[in-house]
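>>> Here is a sequence together with a model predicted from it:
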Amino acid sequence: EAVHAWTEGRGADIAILAVGNSTAYLQAIELVRQQGTLYQVGELSELTFNPSETFLRKEITIKGSWYYTSEDWKEMLSLHERGVRYDKLITHVYPFENVQDAVDTFVSGESGKVILTYK
């Protein structure tokens with residue numbers, strides 16, 4: 001209800017699903033507007049939904065990403081073993097209300113880890 005009120009009934013342009021929860025996934029499908037996009041980065045082993053309603057009638061796009069590969073783990077473990085301070089990897093922290101600034105900062109390539117905070 002809050003998303004539809006905030007968007008005057010249109011729904012969200014994009015939703016980012018960062019949890020492996022089928023209820024949250026189905027809710028994200030509902031929250032995305034007609035021809036919107038759902039990005040899935042949280043793992044989910046099973047989900048039942050109506051593909052005709054989602055893809056044909058609502059015309060939403062669902063994209064997924066597995067950011068790290070198994071090759072990345074060797075380097076990450078090496079960094080950990082060398083005592084790299086994780087807090088030093090975080091270069092920017094934004095409140096959720098400034099999500100666009102956070103995305104712009106990350107996309108610019110001029111940052112390390114960009115964090116969103118919620119109150």
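Nice, thanks for sending it over. Numbers count the residues shown, from 1 in each chain.
>>> Enumerate every residue touching residue 59.
Residues in contact with residue 59, defined by CB atoms under 8 Å, 6 or more residues apart in numbering, are 34, 35. Heads up, the C-betas are built off the backbone N, CA and C, glycines and all.
>>> for residue 5, that is, sorry about that
Contacts of residue 5 by CB under 8 Å, 6+ apart: none found.
>>> Report the secondary structure element holding it.
Residue 5 is part of helix 2-6, with elements assigned from DSSP states H and E.
>>> now residue 94
Residue-wise, residue 94 maps onto strand 90-95 under DSSP H and E.
>>> so residue 35 sits right up against residue 57, yeah?
No: using CB atoms under 8 Å, residue 35 is not in contact with residue 57, being 11.0 Å away.
>>> coming back round to it: going on from the strand holding residue 94, what's the next piece of helix or strand?
helix 99-107.
>>> tell me which residues in the lowest-mean-pLDDT helix or strand in the chain are buried?
Least confident helix or strand of the chain, by mean pLDDT, DSSP states H and E, is helix 70-81 with a mean of 79. Buried residues in helix 70-81, counting neighbours by 16 or more other CB atoms under 10 Å, are absent.
>>> nearest spatial neighbour of the residue positioned nearest the centre of the chain, skipping sequence neighbours?
The residue lying closest to the centre of the chain (CA atoms, centre = their mean) is residue 16, at 3.3 Å. Excluding its sequence neighbours, the residue lying closest to residue 16 (CB to CB, 6 or more residues apart in numbering) is residue 39, at 4.8 Å.
>>> ok so, going back, pull up the pairing partners for the strand holding residue 94, direction included.
Partners of strand 90-95 in the sheet, by DSSP bridges, are strand 113-117 (parallel).
>>> what angle do the strand it pairs with and helix 99-107 make?
Relative orientation of strand 113-117 versus helix 99-107 (axes from the mean of the first three to the mean of the last three CA atoms, to 10 degrees): 170 degrees.
>>> before we move on, the earlier item: residues contacting the strand holding residue 94, please?
101-102, 105-106, 111-119.
>>> Could you tell me how far that strand lies from the centre of the chain?
How far strand 90-95 lies from its chain's middle: 16 Å, per CA atoms, centre = their mean, to the nearest Å.
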